[in-house]
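1. Okay, sequence plus prediction incoming.
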Amino acid sequence: MTIAAPSTCAQFRVRRDHYKGMTGAEVRGIEDALIAQLEDNKARAAARAADEGAYARTQRDVQRTLSEQARQVGDFRAAQARAAAGVLRSQMAEKAARDAANKELYANSVNDAYFQQFGTSHR
């Protein structure tokens, strides 16, 4: 099979407008190039899948670490809130006891001793 028809003017010239098809070697060369391209595409796809898998694992590890830190912060805040509530309850109990003692101590009630002091000398 010839690549193109020879020119009638000169045997070494080829008429490009009279293309007659590819030779067997050219067809095999194109098939080999296509096979190489397919293998290259498969290798790139495998590399991309491996990269995406590594990225997904990294993101999953980061998310796990962040959620663990968030849980620890939540536990710490809950413990602080419980401690603050305990302090507030003890302060409320102390205030109730103090108020009861002050009410008894500073009642300003008038008793008989108050009236018995009139008419007596304080000198």
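-> Structure received.

2. State the distance from D61 to A78.
-> Distance of D61 to A78, computed by Cβ to Cβ, to the nearest Å: 26 Å. For glycine as for every other residue, the C-beta is placed from the backbone atoms N, C-alpha and C.

3. Correction: the previous question concerned Y106.
-> 41 Å.

4. Worst mean pLDDT across the helices and strands of this structure, which element?
-> The helix or strand of the chain with the poorest confidence is strand 4-6; it has a mean of 58 (mean pLDDT, DSSP states H and E).

5. Regarding this protein, what is its longest helix?
-> helix 24-105 (DSSP state H).

6. And V110, its phi and psi?
-> Backbone torsions of V110, given as degrees, to the nearest 10, read phi -90, psi 130.

7. Need the per-residue pLDDT for it.
-> Listed pLDDT for V110 reads 79.

8. What of the one 3 residues further on?
-> Residue-level confidence at A113 comes out at 82, pLDDT.

9. residues near R60, how many?
-> The local packing of R60 (other Cβ atoms under 10 Å) involves 10 other residues.

10. pLDDT weak spots in this structure?
-> 1-19, 122-123 (pLDDT under 70).

11. now do 50
-> Counting by pLDDT under 50, the chain shows low-confidence ranges at 1-2.

12. which SS state does G21 fall under?
-> When classified by DSSP: H, G, I helix; E, B strand; the rest coil, G21 comes out as coil.

13. tell me the phi and psi of it?
-> With angles defined as degrees, to the nearest 10, G21 sits at phi 120, psi 180.

14. Can you give me the separation between it and Q63?
-> G21 sits 59 Å away from Q63, going by Cβ to Cβ.

15. Ok, A113 next?
-> Taking Cβ to Cβ as the criterion, A113 is separated from Q63 by 78 Å.

16. Likewise for A85?
-> The spacing between A85 and Q63, counted by Cβ to Cβ, is 32 Å.

17. For M22, what are phi and psi?
-> Torsion angles, degrees, to the nearest 10, at M22: phi -90, psi 160.

18. what about A113 and Q63, which has more around it?
-> Under the criterion of other Cβ under 10 Å, the comparison of A113 against Q63 puts Q63 first, with 10 against 7.

19. measure D61 to F115 for me?
-> Separation of D61 from F115 (Cβ to Cβ) stands at 86 Å.
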